[in-house]
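In: One predicted model, sequence on top.
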Amino acid sequence: MKKITFLLTLAAVSTTWAATPGPLPPKADQDLGRDLLKELVDINTTHDHGSTAAAQVMQQQLLAAGFAAEDVVLIAPADKPIKGNLVVRYRAKKTGTKPVLFLGHLDVVEAKREDWSTDPFQLTEKDGFYYGRGSQDMKDGVAAMMETLIRLKREHYVPGRDLIVAFTSDEEAGGDANGPAFLLKEHRDLIDAAVAVNLDGGGGSLKNGERLFYEIGTSEKVYATFTLETTSPGGHGSLPGPDNAIYRLTDGLSRLEQYKFPLMTTATTRASFERFAALETGAAHDDRLAVAKETPDPEAAARLSENVKLNAQLRTTCVATLISGGHAENALPQRAKATIQCRMMPNDTIENVQTLITNALADPKISIKLDAPPILSPESPPTKEIMDKATQVVHSMWPKVPIIPTMASGFSDGRQTRTAGIPTYDLGGLWMDVDDNRAHGRDERIGVREYDESVEYTYRLMKAFGAK
């Protein structure tokens with residue numbers, strides 16, 4: 001699931017960098033990268049089909065490339081054999097340093113042929129783009145990591161520490177077949193690492209052919225869902241009275257709509273606002289610097305919060321997404337329910353959020369229930385070591401572009417590793433136009449040149465993180 005990340009009010013960006021082409025891999029590796037992408041897109045890995053077929057094909061390719069059988073492990077939950085995960089270990093000769101883990105999911109969301117201009121499960125090259133389901137989310141990253149593993153093996157590369165690459169299932173659908181969750185719970189030894197790199201996030205943003213900035217995802221908001229419910233005696237529809245479950249619930253929801261959760265920042269969001277400020281001028285520049293302080297300026301935050309994307313960077317948000325009530329057209333309602341979907345700041349708590357919702361509803365007759373414990377996703381600090389290493393790789397490809405740590409308002413498999421205590425950073429290699437994000441949508445696509453560059457970037461990234 002490609003994450004919705006922290007974008008500026010893009011019209012206000014004062015500085016851009018020409019989209020000078022980045023370096024490409026050798027011709028043989030370009031061809032291999034494209035072949036792998038086609039092979040993966042052409043395999044239907046939607047939820048009902050599962051990921052095992054793709055994992056089996058990849059396993060055979062890696063064995064043919066020279067990997068030992070014990071280092072290419074295909075494993076699935078016993079009761080869900082189609083939800084296969086492929087875990088590859090590229091071994092260092094001798095190391096006392098814990099491995100680095102690279103993540104990429106094999107599954108894709110459903111796509112209907114009648115909705116697309118091309119067959120979604122056949123990679124199609126057209127007008128400088130590759131079309132196909134998963135081309136952007138995220139078989140591009142999976143193919144790039146596969147190509148890198150084969151290239152490194154061919155070059156007899158020896159890393160300073162073990163590289164682990166986990167190609168996993170059910171990121172899109174989640175649930176108990178989610179690959180990283182399954183592996184961490186049942187087979188942690190296969191993927192335990194000092195740090196994780198997730199290619200399902202981060203990456204570069206283009207606007208009208210110009211490079212804006214490169215994002216490093218260091219955190220994401222936490223998903224939590226509540227059910228609100230209220231009841232009333234009901235009765236005949238011809239005799240309405242003051243006690244009506246639907247009215248009570250909607251009155252409470254109106255109060256919740258008007259409520260703004262407290263201003264809250266993190267090390268990541270403060271760094272984001274500070275670095276984005278350098279790309280803007282005037283009031284936008286000043287306000288971003290004002291909220292980048294350890295104690296953010298509330299008036300500046302209020303102005304920035306008028307933009308819904310920036311508001312989501314400054315506080316927990318909760319919104320009504322479903323509502324139901326009543327049981328018959330001619331009867332007074334006996335029950336009304338609503339679903340409240342929250343995206344919590346990484347440093348917020350579910351207890352605090354529930355208390356604030358309860359206070360905002362201001363009606364003890366509206367009950368509130370947490371549907372399921374949230375998967376917490378603590379921030380992975382944007383440390384100097386990580387930022388310097390990532391910057392070195394990015395600038396070796398695309399010199400001088402701004403590097404900005406960001407917090408995603410959506411979520412990915414990075415939440416599984418972060419929760420397990422493995423700091424995780426989103427470092428995807430693809431550049432996308434900010435107005436052409438088609439992940440999960442019709443005619444999903446990526447640029448041909450941009451994909452080739454991402455293959456070279458992934459090679460450099462894995463070597464950089466594989467060093468001690």
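Out: Happy to help now that I have it.

In: switch to C-alpha atoms for all contacts and neighbour counts from now on
Out: Fine.

In: tell me the secondary structure for Asp251?
Out: At Asp251 the chain is in helix, as set by DSSP: H, G, I helix; E, B strand; the rest coil.

In: how close does it get to His187?
Out: 49 Å (CA to CA, to the nearest Å).

In: Ala53 now?
Out: Counting by CA to CA - Ala53 and His187 are separated by 21 Å.

In: Give me the more crowded residue out of those two.
Out: Ala53 (17 against 13; other CA atoms under 10 Å).

In: Doesn't that one belong to a strand?
Out: No: assessed with three-state DSSP, Ala53 is helix; it does not lie in a strand.

In: residues in contact with it?
Out: Ile43, Thr45, Ile82, Gly84 (CA atoms under 8 Å, 6 or more residues apart in numbering).

In: ok, so of those, who is nearest Glu215?
Out: Thr45 (27.8 Å; CA to CA).

In: I'd guessed the closest one sits against Leu106; true?
Out: Yes: under the criterion of CA atoms under 8 Å, Thr45 is in contact with Leu106, at a separation of 6.8 Å.

In: For the stretch 301-450 of the chain, just list every one of the helices.
Out: 308-314, 350-361, 384-397, 414-419, 448-466 (DSSP state H, counting those that start in this stretch).

In: Include mean neighbour count when you put the ones you listed into JSON lines, please.
Out: Shown next, in JSON lines, are the helices of the stretch 301-450 of the chain (neighbours: other CA atoms under 10 Å):
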{"stretch": "helix 308-314", "mean neighbour count": "19"}
{"stretch": "helix 350-361", "mean neighbour count": "16"}
{"stretch": "helix 384-397", "mean neighbour count": "16"}
{"stretch": "helix 414-419", "mean neighbour count": "23"}
{"stretch": "helix 448-466", "mean neighbour count": "22"}
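
In: Just put those in a markdown table and tack on mean pLDDT and distance to Arg288.
Out: Below are the helices of the stretch 301-450 of the chain laid out as a markdown table (pLDDT from 0 to 100; distance: least, CA to CA, whole Å):
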| stretch | mean pLDDT | distance to Arg288 |
| --- | --- | --- |
| helix 308-314 | 95 | 10 |
| helix 350-361 | 98 | 26 |
| helix 384-397 | 96 | 21 |
| helix 414-419 | 95 | 27 |
| helix 448-466 | 98 | 31 |
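
In: would TSV of the ones you listed with distance to Thr265 be doable?
Out: Listed next are these as TSV, based on distance: least, CA to CA, whole Å:
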stretch	distance to Thr265
helix 308-314	6
helix 350-361	16
helix 384-397	19
helix 414-419	19
helix 448-466	29
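
In: Nearest to Leu24, out of those?
Out: helix 448-466 (5.2 Å).

In: elements contacting that closest one?
Out: helix 27-41, helix 139-154, helix 384-397 (3 or more CA pairs under 8 Å, 6 or more residues apart in numbering; DSSP states H and E).

In: and the last one with helix 448-466, angle?
Out: Put plainly, it is helix 384-397. 140 degrees (axes from the mean of the first three to the mean of the last three CA atoms, to 10 degrees).

In: and Ala312, what does it touch?
Out: Ser305, Ser409.

In: do that again at 6 Å, thanks
Out: Residues counted as contacts of Ala312 (CA atoms under 6 Å, 6 or more residues apart in numbering): none.

In: what do you get for Gly252?
Out: Neighbours of Gly252 in contact, by CA under 6 Å, 6+ apart: Leu361.

In: Going along the chain, name the strands of the stretch 1-150 of the chain.
Out: Secondary structure of the stretch 1-150 of the chain by DSSP state E, counting those that start in this stretch: the strands cover 17-18, 72-75, 85-90, 100-105, 124-126, 129-131.

In: And the contacts of Ala53, which is closest to Ala320?
Out: Among those, and counting by CA to CA, the member closest to Ala320 is Thr45, at 31.8 Å.

In: Against Tyr90, how distant is that closest one?
Out: For Thr45 relative to Tyr90 (CA to CA), the value is 25 Å.

In: circling back: could you export the contacts of Ala53 as a markdown table, including pLDDT, distance to Asp200 and neighbour count?
Out: Conversion of the contacts of Ala53 to a markdown table gives the following (pLDDT from 0 to 100; distance: CA to CA, whole Å; neighbours: other CA atoms under 10 Å):
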| residue | pLDDT | distance to Asp200 | neighbour count |
| --- | --- | --- | --- |
| Ile43 | 98 | 19 | 20 |
| Thr45 | 97 | 16 | 26 |
| Ile82 | 97 | 22 | 21 |
| Gly84 | 98 | 19 | 27 |
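
In: Adding distance to Pro21, write those residues out as CSV.
Out: Below are these laid out as CSV (distance: CA to CA, whole Å):
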residue, distance to Pro21
Ile43, 30
Thr45, 32
Ile82, 40
Gly84, 37
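
In: ok, the residues you listed vs Met138, which is closest?
Out: Nearest to Met138 among those, counting by CA to CA, is Thr45 at 11.4 Å.

In: For that closest one, grab phi and psi.
Out: Dihedral pair for Thr45: phi -120, psi 30, per degrees, to the nearest 10.
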